[in-house]
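> build the 3D model from these lines:
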Amino acid sequence: MLSENYIYYPIQLSGEELDAFLEKGWYRMGQSIFTTHYISLEDQVYRVFWLRYDLQKLIISKRQQRLIKRNAQFTIAIKPLEITDELETLYALYKSGINFEPAWSVQHWLYGDQSMNVFATELIEIRDKGRLIAAGITDLGHESIAGIMNFYHPDYKKYSLGKYLMLVKMQYAKTKNMKWYYPGYIVYNHSGFDYKLFADKNATEVFIPELENWELYNSELTNRYGNGIASFFENQ
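Numbering: from 1, shown residues only. Model (predicted):
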């Protein structure tokens, strides 16, 4: 039933197991794996669609190449996750520049009330002359990479660092011979999440639980099943 949410708290999680969860439309939340087909925003219920990119089909457009070239002045480092005061300070600055309320902290977002990390988590740092200006957090599977968080200093908003981090993550995944990049979900009839589609719609798939399958993204498909969830709630 589409109204149900599911959640699982693994004690340990291999890369192959993470791949299997992601393939079924599940995603990390703290130290759990969960899935849902709807969320409540602004006192309304919205249908959500989980996304993934087929990295073998991904084509970087000229516009995206310009974004990469523009940000080539910054340095990139990829390392195992360590939550530092510097990282939390950047996240607090990021929160001050957005108009919605995210998690309290990086620690809370990734760990909740737990102390151990069951995921293989890596941190992407972007620096400007040593200054940390953006960070991206990913979980690695065997054939998949999940994009968990992207945040940046509000002074650098014009550099589109959130989208840039998505491109960096996908390029990094390709160097590791990953097949899939999972950025989370989009929300039907709510454009605030559509930035996740910017990379290459021809390489983007959406999970349709009614079909128990991933389908190539198109608006007609999401309209068909997005309207279905609205009808479900109207009849309750």
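> show me where the protein has strands.
6-8, 27-29, 32-35, 38-41, 44-54, 75-80, 121-128, 131-140, 144-152, 180-187, 204-208, 213-216 (DSSP state E).
> contacts only, for Ile145.
Thr138, Asp139, Lys169, Tyr172, Ala173, Lys176, Met178, Trp180, Tyr181, Tyr182 (CB atoms under 8 Å, 6 or more residues apart in numbering). Glycine gets a C-beta too; all of them are placed from N, C-alpha and C.
> let's see that with 6 Å instead.
By CB atoms under 6 Å, 6 or more residues apart in numbering, Ile145 lies in contact with Thr138, Ala173, Met178, Tyr181.
> from the residues you listed, pick the one nearest Glu16.
Set against Glu16, the nearest of the contacts of Ile145 by CB to CB is Met178 (12.9 Å).
> quick check: chain neighbours aside, which residue is closest to that closest one?
Ile145 (5.1 Å; CB to CB, 6 or more residues apart in numbering).
> what does Thr204 give?
Using CB to CB, 6+ apart, the closest residue to Thr204 is Tyr217 (4.2 Å).
> then Leu216?
Of all residues not flanking Leu216 in the chain, Glu205 sits nearest, at 5.9 Å (CB to CB, 6+ apart).
> contacts only, for that neighbour.
Shown in contact with Glu205 (CB under 6 Å, 6+ apart): Arg52, Trp214, Leu216.
> cutoff 8 Å now
Here Glu205 is in contact with Leu51, Arg52, Tyr53, Asp54, Trp214, Glu215, Leu216, Tyr217 (criterion: CB under 8 Å, 6+ apart).
> gap between it and Gly25?
Using CB to CB, to the nearest Å, Glu205 is found at 11 Å from Gly25.
> same check on Arg127?
Arg127 is 35 Å from Gly25, by CB to CB.
> so between these two, which is more surrounded?
Gly25 (23 against 14; other CB atoms under 10 Å).
> what is the neighbour count of Ala77?
10.
> now do the residue nearest the centre of the chain, the pLDDT please.
By CA atoms, centre = their mean, the chain has its centre lying nearest to Pro183, at 3.0 Å. Looking at Pro183, its pLDDT reads 96.
> repeat that for the one 10 residues further on.
pLDDT for Phe193: 87.
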